[in-house]
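Participant: Any chance you can model this:
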Amino acid sequence: MALGRAFSVAVRGLDGQIVEIEADITPGLPGFHLVGLPDAALQEARDRVRAAITNCGATWPMSRLTLALSPATLPKTGSLYDIALACAVLSANRKKPWHRLEKTVLLGELALDGRIRGVQGVLPAVLAARKQGWPAIVVPVGNLAEASLVDGIEVLGVATLRQLHQWLDGATGLDGRVDRTATESQPVSDLAEVLGQTQARFAVEVAAAGAHHLMLTGPPGVGKTMLAQRLPGLLPDLSDAEALEVTAIHSVAGLLSEDMPLITRPPFIAPHHSSSVTALVGGGSGLARPGAISRAHRGVLFLDECAEIGTSVLEALRTPLEEGEIRLARRDGVVSYPARFLLVLAANPCPCAPADAVKCICSAMQKRRYQAKLSGPLLDRVDLRVPMHTVRAGAFAAEQSESSAEVRARVAAARAAAAQRWSSHGFTTNAEVSGTVLRTGFRIGTAAMAPLKTALDRGLLSIRGAHRLMRVAWTVADLGGRVSPSLDDVSIALSFRQAEIKP
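Facilitator: Numbers count the residues shown, from 1 in each chain. Now for the predicted structure:
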């Protein structure tokens, strides 16, 4: 009997668990048996591994071969176990373990000729290996830039199974860590390109400064999409921890660039209005994959024509908006993905949506049915609601509006003030602050709170809505450089809160 051992990582959501792969060669009729709850892609590894080992000049054992993946109760999915399976077979066949193999995690998919292809989910796998104390990890050369984002573990890149075999024998080296300091420069649309719309521009600035959700309503062509597309340019760069978190999500989704994988800018995700619930929040068979709301984590999720989106799709946003994460249960288990995004909704006031509201031909029933797609509970989670109107000809002759750079400087100062104020409570933006902290530790003056109390007494606000209004008031105060919200700040926040969709 000959026994070989290698190690890989099972990625579940953004978490990873080390998988021990044992290869056992025993006398008997030639056969290949794979156990440990493999999925269809992993079951097919038997053919890839056999062909790759043979084509690399190594000998395939002509005996009964059993490969066990432990823990046996954990479902194994994907093709990233291929090179670990091959190394376990080669180790068992030589009847002598490799010293390097006992201290190294292996990730990669095999081609039939022995080439090692890149795989998805490398970043969370490397993070899991480092967290569990492994000294080294070998990844495909195509994933080396992504794996090099993680410090505290030796990262090596390999191109072929033959090269890996030689490295295990001590005859040659593998590619080392690559420089990941370069950043990809992307053209950013400037806020100065938007004509007029003073109130909507200020609402976008408030949304960026406090991470507040925003809804823009108005006829087609009024500038709703233009404003939404310029919002990410007002947000600050992601911190190192946030960049790794966002990059890990995109790694699992298979959306990273091989050359410059680190995402340092807030993402902008704009799914089509015909998207399903699964496309928006995530899902799929087996183990759930991240959807649009998770890919927009720490960035902007823009839902254009939101009144055309299915009601069930919109209602699926309610829990992520409140909790900042999404938990998805599928056949192979439950995974949790972060989903703390800035939501921007855009809608027409009615189905016909003329430039001039007087020319509307929709009936009252049509308008109610169109607006009913946006339920009260969902709108209650939107802090800023701004009606936009058609810009008149005078806007073309007006002076140019402020640029994104000018607004970004105010947003950065406001965010810094908020982060310093809430630092002892663990919050970084006003939108994250809990209602308890708002009511107890940082009370707004009685005179300034008068409009809010009146709105509560008249039933215009829920308690959740009042808390969101207070957060917006703090953001307006931060933009104005004030240490506490004034009466005007609360009134401005209330004016954004009480805007309604009207044709």
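
Participant: which SS class is Asp24?
Facilitator: Following DSSP: H, G, I helix; E, B strand; the rest coil, Asp24 is assigned to strand.

Participant: which residues sit in contact with it?
Facilitator: Met1, Ala2, Leu3, Leu65, Thr66, Leu67, Ala68, Ala92 (C-beta atoms under 8 Å, 6 or more residues apart in numbering). Any C-beta I mention is one placed from the backbone N, CA and C, and that applies to glycine too.

Participant: what do you get for Val490?
Facilitator: With contact taken as C-beta under 8 Å, 6+ apart, Val490 is in contact with Ile444, Ala448, Met449, Pro451, Leu452, Leu469, Met470, Ala473.

Participant: Name the member of those residues with the most neighbours.
Facilitator: Neighbour counts for the contacts of Val490 (other C-beta atoms under 10 Å) peak at Ala473, which has 29 neighbours.

Participant: Skip ahead from the helix or strand hosting that one and say which helix or strand is next.
Facilitator: Taking DSSP states H and E as the criterion, Ala473 maps to helix 463-479. Past helix 463-479, further along toward the C-terminus, the next helix or strand under DSSP H and E is helix 487-497.

Participant: For the protein, which helix or strand comes out least confident on mean pLDDT?
Facilitator: Least confident helix or strand of the chain, by mean pLDDT, DSSP states H and E, is helix 394-397 with a mean of 57.

Participant: could you point out which element follows that helix?
Facilitator: Under the assignment DSSP H and E, the closest C-terminal helix or strand after helix 394-397 is helix 404-422.

Participant: by contact count, what packs against that following helix?
Facilitator: Secondary-structure packing of helix 404-422 (3 or more C-beta pairs under 8 Å, 6 or more residues apart in numbering; DSSP states H and E): helix 198-210, helix 463-479.

Participant: Kindly reformat these as CSV and extend each row with mean pLDDT and distance to Pro75.
Facilitator: Formatted as CSV, the helices and strands packed on helix 404-422 follow (pLDDT from 0 to 100; distance: least, C-beta to C-beta, whole Å):
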stretch, mean pLDDT, distance to Pro75
helix 198-210, 95, 41
helix 463-479, 94, 38
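
Participant: CSV for these, including distance to Pro290?
Facilitator: As requested, the helices and strands packed on helix 404-422 are exported to CSV (distance: least, C-beta to C-beta, whole Å):
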stretch, distance to Pro290
helix 198-210, 23
helix 463-479, 26
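
Participant: Of all those, which one comes closest to Val35?
Facilitator: Val35 lies closest to helix 463-479 among the helices and strands packed on helix 404-422, at 50.7 Å (C-beta to C-beta).

Participant: That closest one to helix 487-497, inter-axis angle?
Facilitator: For helix 463-479 against helix 487-497, the angle by axes from the mean of the first three to the mean of the last three C-alpha atoms, to 10 degrees is 130 degrees.

Participant: residues of helix 463-479 that come out buried?
Facilitator: By neighbour count on 16 or more other C-beta atoms under 10 Å, the buried set for helix 463-479 is 465-479.

Participant: which residues of this structure score low on pLDDT?
Facilitator: Counting by pLDDT under 70, the low-confidence segments of the chain come to 1, 180-188, 392-399, 498-503.

Participant: So which residue is dead centre in it?
Facilitator: Taking C-alpha atoms, centre = their mean, the centroid of the chain lies closest to Arg295, which sits 3.0 Å from it.

Participant: now that residue: how far from Arg12?
Facilitator: 18 Å (C-beta to C-beta, to the nearest Å).

Participant: And Leu216, by the same measure?
Facilitator: Using C-beta to C-beta, Leu216 is found at 38 Å from Arg12.

Participant: Could you check which of the two has the larger neighbour count?
Facilitator: Leu216 (26 against 22).

Participant: Report the beta-bridge partner residues of that one.
Facilitator: Using DSSP bridges, the bridge partners assigned to Leu216 are Ala346, Val386.

Participant: just Leu303 next, same as before
Facilitator: Leu345.

Participant: returning to what we had before: using ChimeraX, make a named selection holding only the buried ones among the contacts of Asp24.
Facilitator: Selection of buried members from the contacts of Asp24 for ChimeraX, criterion 16+ other C-beta under 10 Å:
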select :2,65,66,67,92
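
Participant: can the contacts of Asp24 go into TSV with extra columns for distance to Val358 and secondary structure?
Facilitator: Formatted as TSV, the contacts of Asp24 follow (distance: C-beta to C-beta, whole Å; DSSP: H, G, I helix; E, B strand; the rest coil):
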residue	distance to Val358	secondary structure
Met1	88	coil
Ala2	86	strand
Leu3	83	strand
Leu65	79	strand
Thr66	78	strand
Leu67	74	strand
Ala68	74	strand
Ala92	81	helix
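
Participant: ok, the contacts of Asp24 vs Val483, which is closest?
Facilitator: For the contacts of Asp24, the nearest to Val483 is Ala68 (63.5 Å; C-beta to C-beta).

Participant: quick one, strands of the stretch 151-300 of the chain?
Facilitator: 154-158, 214-217, 268-269, 282-283, 289-290, 300-303 (DSSP state E, counting those that start in this stretch).

Participant: Tell me how many other residues surround Ala405.
Facilitator: As a burial measure, Ala405 scores 13 neighbours (other C-beta under 10 Å).
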